[in-house]
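# here's a sequence, model it:
(one chain, ligands or ions: 1)
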Amino acid sequence: MIDGQTQLVGLIGFPTQHSLSPAMHNAAFQAIELNWSYVPLPVQPGRIKDAIFGLSALGFRGANVTIPYKQAVIPFLHELSPESRKIGAVNTIIVEKSGLLVGHNTDPFGFITSLHEAGFDSQGKQAIVIGAGGAARAAVYALLRIGTKRITVFNRDPDRADNLVAAFADERLCKAELNPDVIIKEARDTHLLVNTTPVGMWPDVDNSIWPDNVPIPRHLTVFDLVYNPVETHLLQQAQESGARVISGMEMLLQQGAAAFELWTGKKAPIATMQGALKEEVT
Ligand code: NAP
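As a prediction, the model looks like this:
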């Protein structure tokens, strides 16, 4: 029950009504009997500066940030974690007692934990990353950190892929033309295929970054960051080939758990959060 003592966190984005995060976090607060509440905070275009300053003015303890504001919030924060600085995007804000706003990015943690939970060890392996937006930057940051030997980025806009490669300045990272034939060829020597684009996301559920007439190599692990639907067309294609799959839902859970722990200082009740997510999508 919300009362005069309730502490607030929220989701800054636009739109926010389809988000699964309120259900996941509110279930977690209830499970460990914290008098906290997580509310959607849809911010109209052009109002992001006011919204960020409003967080401390209204006594919020923190926020998540989603599309389209993960980069736009940065100029209005007082401090950035090393991850969010390197990635150039923030998905979690902590409002300190002094009112200081600190930006974090829990997506790399979510990404690495999802790989780990699936039993995939990236050390010395090769990866393909499709996309070069905020999620791709988090995935590339994570893959470099966990010892991936080579990462090839494919993006529709080649300049954006160039920018990503330049930002990380790491010889293990390169880009290639976004063309199915080039991806198929590259996949022969690759262990991990990561989709960081919204291709396949509801309502575009019949689409995939992999062509339908070519089986996905069985030796691949396929990680689709899209979580709506949970089983995307890409993951169905991978399963049909017998390849190992990782759903974006796992990453959503893990990045959320990390944000929960940053705000509250308490261990996230993962099973409860997972149950709440499952309930939302069934
Ligand atoms: P973003 O910054 O807008 O980047 C989107 C990327 O996808 C860009 O590289 C864009 O290419 C590419 N793209 C978009 N539509 C495409 C199309 N039709 N064909 C080919 N490429 C296309 O978005 P984001 O923040 O990275 O998020 C991307 C996806 O990841 C979303 O579906 C989001 O829900 C998901 N995500 C999931 C989690 C999780 O926890 N599971 C976390 C973060 C993000 P151009 O540069 O050419 O435009």
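# what does the pLDDT read for the residue in the stretch 101-250 of the chain positioned nearest to the ligand?
Nearest residue of the stretch 101-250 of the chain to the ligand, counting by C-beta to the nearest ligand atom: residue 133, 1.9 Å away. The C-beta positions use only the backbone N, C-alpha and C, and glycine is treated the same way. Among the per-residue scores, residue 133 holds a pLDDT of 92.
# how many neighbours does the closest residue to it other than its chain neighbours have?
In space, not counting the residues next to it along the chain, residue 133 is nearest to residue 196; the distance is 6.7 Å by C-beta to C-beta, 6 or more residues apart in numbering. Other residues near residue 196 number 27, with proximity taken as other C-beta atoms under 10 Å.
# then residue 171?
Around residue 171 there are 6 other residues, counting by other C-beta under 10 Å.
# ok, now the one 3 residues further on?
The criterion is other C-beta under 10 Å. On that basis, residue 174 has 12 neighbouring residues.
# can you give me the buried ones in the strand or helix carrying it?
Assigned by DSSP states H and E, residue 174 falls within strand 173-177. Buried positions in strand 173-177, judged by neighbour count with 16 or more other C-beta atoms under 10 Å: 173, 175-176.
# next up, phi/psi of residue 75, please.
Backbone torsions for residue 75, taken as degrees, to the nearest 10, come to phi -60, psi -20.
# let me fix that: residue 261
Backbone geometry at residue 261, expressed as degrees, to the nearest 10, gives phi -70, psi -30.
# distance-wise, check it relative to residue 89.
The gap separating residue 261 from residue 89 is 20 Å, by C-beta to C-beta, to the nearest Å.
# please identify which of those two sits among more neighbours.
Legend: neighbour count by other C-beta under 10 Å for residue 261 and residue 89, higher for residue 89 (24 against 14).
# grab the nearest non-local neighbour of residue 160.
Counting by C-beta to C-beta, 6+ apart, the nearest residue to residue 160 once its immediate chain neighbours are dropped is residue 132, at 4.3 Å.
# residue 12 reaches residue 68, doesn't it?
No - in this structure, residue 12 is not within contact of residue 68 by C-beta atoms under 8 Å, at 10.4 Å.
# who's more crowded, those two?
When residue 12 and residue 68 are compared on other C-beta under 10 Å, the one with more neighbours turns out to be residue 12, at 26 against 13.
# if I look at that one, how far off is the ligand?
Using C-beta to the nearest ligand atom, to the nearest Å, one gets 14 Å for the distance from residue 12 to the ligand.
# pLDDT (mean, whole number) over the strand or helix carrying that residue?
Taking DSSP H and E as the criterion, the element that holds residue 12 is strand 7-13. Over the span of strand 7-13, the pLDDT mean works out to 98.
# show me how far it is from its chain's centre.
Distance of strand 7-13 from its chain centroid, counting by C-alpha atoms, centre = their mean, to the nearest Å, is 17 Å.
# no further queries at this time; thank you.
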